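Chemist: Here's a sequence, model it:
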Amino acid sequence: MVMPDHVHIIFTPLKDDEGNPFGLAEIMSGIKGASAHSVNKALNRRGRVWQDESFDHVLRSDESTYNKVLYICENPVRKGLVATEDEYPWLWREWVEGAEIVAQSLHDGHQ
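Modeler: Predicted coordinates for the structure are as follows:
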């Protein structure tokens, strides 16, 4: 979910060759670096896009991931950007849009 002034991401870290999950700092560095490059390219500019810090929260087994996702999906509605979350163009939910859309986008050269 990309909001005008922040981003929400819920993910499960992949594991390295030794079976250890990648650390949050490494993951966020990769996401911020790749997305900043894409944003700057799209806007024909250079410079920083993201702040250094992030406000992360690790979901524990006793928390409902699904409920957290639903809360995040309602963010643009609560902010008055759209009437329903389905109208918001910067929201992607695998269980709604489907993994095949991402696969097709990557195949077509869009990232």
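
Chemist: all helices of the protein, in order?
Modeler: Using DSSP state H, the helices of the chain run over residues 24-43, 65-73, 75-78, 94-97, 99-107.

Chemist: Take those helices and lay them out in TSV including mean pLDDT.
Modeler: What follows is those, written out as TSV (pLDDT from 0 to 100):
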stretch	mean pLDDT
helix 24-43	89
helix 65-73	85
helix 75-78	94
helix 94-97	61
helix 99-107	54
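
Chemist: from these, which stretch is densest packed?
Modeler: Of these, the one with the most neighbours on average (mean count of other CB atoms under 10 Å) is helix 75-78, at a mean of 16. Heads up, the C-betas are built off the backbone N, CA and C, glycines and all.

Chemist: what sits up against that one?
Modeler: The contact list for helix 75-78 (CB atoms under 8 Å, 6 or more residues apart in numbering) reads 1, 3, 8, 82-85, 88, 90-91.
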